[in-house]
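Trainee: Take a look and give me a structure for this.
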Amino acid sequence: MRHLIAILLQNEAGALTRVTGLISSRGYNIESLSVAPTNDPTVSRITLVTTGSDHVIAQINAQLLKLVDVVAVEDMTSDDHLARELLLIKLQLAAEHVEAVGTLLRRVGGKVLSSNPSSYIVELTSTETEIGEFIANVAAFGEIVEVVRSGVLGIARANPRLHVVK
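Mentor: Predicted coordinates for the structure are as follows:
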C-alpha cells in the first residue's frame, strides 16, 4: 500500500540523510520526497511517499522516532488530508497549438509562465493523477522538452497532529 508520511525534524546537518538512510536500509524506495523549513526555523518538514504494508510502515515510523533529529512522525495515509504536487513543464509548440494548450490549462487551473512557443512553460498545482493526465494530454500538442515535479505535499484537514511539543 502507498503511504504519505510527514516528518518534523531538527534543521541539523545530516538529518535528512539519516531519515532516508533508515528507510532505504529496510529495502523501501522513496517515491517522492519534499523537504522545506517550517514556521519554526529550527525545524524542517519532510513529506515522503513510499510503498509497504501498514505493519512495516508502522515499524519504520517507530524507528524514525528513535532518530535523535526526528521530532514527530505522522502517517497521513488513512487520515483526511489534502495532497498536492507542483508541475513545471516546458513545451515546444507550433503556433497553431498555443491556444489549444491555453484552453486545456485554463480547464485544469494552471497558468502560463512563459508564452514563447519554442519555450512554452506552464505551472500546474494538482493531484498526482491529474498532473499525469495533464502531461499525457498536452503531449498531443507539442514536444515535451522538460518536466519538473515537486513531489507530493500533504496536510491534514483537521487539527494538526504533527507538531513540535515544547
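Trainee: From here on, just use CA atoms for contacts and neighbour counts.
Mentor: Will do.
Trainee: and residue 112, what does it touch?
Mentor: Listed by CA atoms under 8 Å, 6 or more residues apart in numbering, the contact set of residue 112 reads 102, 120-123.
Trainee: do that again at 7 Å, thanks
Mentor: 121-123 (CA atoms under 7 Å, 6 or more residues apart in numbering).
Trainee: now swap in residue 15 and tell me
Mentor: Residue 15 neighbours (CA under 7 Å, 6+ apart): residue 69.
Trainee: Ok, residue 154 next?
Mentor: Residue 154 touches 47, 81-84, counting by CA under 7 Å, 6+ apart.
Trainee: before we move on, back to that, switch the contacts of residue 112 over to a markdown table; also include neighbour count, distance to residue 76 and secondary structure.
Mentor: Below are those laid out as a markdown table (neighbours: other CA atoms under 10 Å; distance: CA to CA, whole Å; DSSP: H, G, I helix; E, B strand; the rest coil):
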| residue | neighbour count | distance to residue 76 | secondary structure |
| --- | --- | --- | --- |
| 121 | 20 | 32 | strand |
| 122 | 20 | 29 | strand |
| 123 | 18 | 26 | strand |
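Trainee: Turn those residues into JSON lines, including distance to residue 54 and pLDDT.
Mentor: Listed next are the contacts of residue 112 as JSON lines, based on distance: CA to CA, whole Å; pLDDT from 0 to 100:
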{"residue": "121", "distance to residue 54": "39", "pLDDT": "97"}
{"residue": "122", "distance to residue 54": "37", "pLDDT": "97"}
{"residue": "123", "distance to residue 54": "34", "pLDDT": "97"}
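Trainee: Distance to residue 42 for those - can I get that in CSV?
Mentor: As requested, the contacts of residue 112 are exported to CSV (distance: CA to CA, whole Å):
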residue, distance to residue 42
121, 35
122, 34
123, 30
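Trainee: Quick check: of those, which lies closest to residue 35?
Mentor: Among the contacts of residue 112, residue 123 lies closest to residue 35 (CA to CA), at 19.9 Å.
Trainee: Pairing partners for the closest one in the sheet, please.
Mentor: residue 88, residue 111 (DSSP bridges).
Trainee: tell me the contacts of it?
Mentor: 87-89, 110-113.
Trainee: how many neighbours does the closest residue in space to residue 4 that isn't next to it in sequence have?
Mentor: Closest residue to residue 4 apart from its sequence neighbours, by CA to CA, 6 or more residues apart in numbering: residue 49 at 4.7 Å. By the measure other CA atoms under 10 Å, the count of residues near residue 49 is 20.
Trainee: How is residue 49 classified with respect to secondary structure?
Mentor: Three-state call for residue 49 (DSSP: H, G, I helix; E, B strand; the rest coil): strand.
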